[in-house]
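Engineer: turn this into a model:
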Amino acid sequence: MKQRTLQQIVKQVICLCMVSIVLAPILLTLFAAFKTKADMVNTSPLLLPPFSRVTMDNFQKVLGDKYLLIGFKNTGIILVCSIFFNVLFGTITAFILERFQFRFKNLIMSLFFLGMLIPSFVTEIARFKIINGLGLYNTLGAPIVIYVASDLMQLYIYRQFISTLPVSLDESALLDGCSYFGLFTRIIFPLLAPATATVVIIKAITIINDMYIPYLYMPKNKLRTLTTFLMNYANAQQGSWQNLAAGIIIIMLPTIVIYLFFQKYILAGIAAGAVKE
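Structural biologist: This is a model prediction of the structure:
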């Protein structure tokens, strides 16, 4: 009995430590967003300033920045285009790989998964040359092509989900005179809604939070995204930690809302196909 109680205490302590590790940076950023420049120096990062000195000026400055709207617009364009092509190519490719038998199928599947295993920084020089050669450098097309072509996670999710759909659905539709195109568009694709929701949410969070690709491939001011917009408050000339914290909170809120609202679809989509009866 004592040993079981001790185990429960240890588990609770570990869980509390993990929660603290996750929440601490968020709380530090939130507290900093309500501080003046003087309070950033004179008060503890772990505490809010006195109520009389709590300020909303940091949020007002960030919301009044013209590049914030530019960042939202560019991020929105990249997000919609990237997700559209990820879903389109991902569903078609997964359907073909899962339902059809053809020569070199195993080799093609191996190459796809090999692409998922290779770290992106290993191929960065070659990728940069390809993007530059296509004339996409300093355009919104550069991150769109990279997000569509370099991340193949959607293939795993869609293949896993399609494997749970009975082949009898395909056979019945084909016997009734349905073409393969009709089979995919009318039967298979609508049934992939949970997996599609999972792909959309994971891709959206990844793209919104990514700073490396927009910073490297789109240095123009008019092509700033939400993440590169934040860098304006971290440079040597205009550096302001309290404004940076306010900007992080403003940009982080949509991502948190999206995740909390759709988190059940993420778990359902990833777990689909894990157990077969």
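Engineer: okay, CA-based contacts and neighbour counts for the rest of this
Structural biologist: OK.
Engineer: so residue 55: helix, strand or coil?
Structural biologist: coil (DSSP: H, G, I helix; E, B strand; the rest coil).
Engineer: quick one, what contacts the spatially most central residue of the chain?
Structural biologist: Centroid-nearest residue in the chain: residue 206, 1.9 Å away (criterion: C-alpha atoms, centre = their mean). Neighbouring residues of residue 206 by C-alpha atoms under 8 Å, 6 or more residues apart in numbering: there are none.
Engineer: chain center to the strand or helix carrying it, what's the gap?
Structural biologist: If you go by DSSP states H and E, residue 206 is part of helix 193-209. Relative to its chain's centre, helix 193-209 lies at 6 Å (C-alpha atoms, centre = their mean, to the nearest Å).
Engineer: report the mean per-residue pLDDT for it.
Structural biologist: Across helix 193-209, pLDDT averages out at 85.
Engineer: buried residues in the helix or strand following it, which are they?
Structural biologist: Downstream of helix 193-209, the next assigned helix or strand under DSSP H and E is helix 212-217. Within helix 212-217, the residues scored as buried using 16 or more other C-alpha atoms under 10 Å are 214, 215, 217.
Engineer: ditto for stretch 16-30
Structural biologist: So, applying 16+ other C-alpha under 10 Å, buried residues of stretch 16-30: 26, 27, 28, 29, 30.
Engineer: and the third one, what pLDDT?
Structural biologist: When you say that, I think you mean residue 28. According to the prediction, residue 28 has pLDDT 85.
Engineer: secondary structure element holding it?
Structural biologist: helix 2-33.
Engineer: could you measure from the residue nearest to the centre of the chain over to residue 259?
Structural biologist: 12 Å (C-alpha to C-alpha, to the nearest Å).
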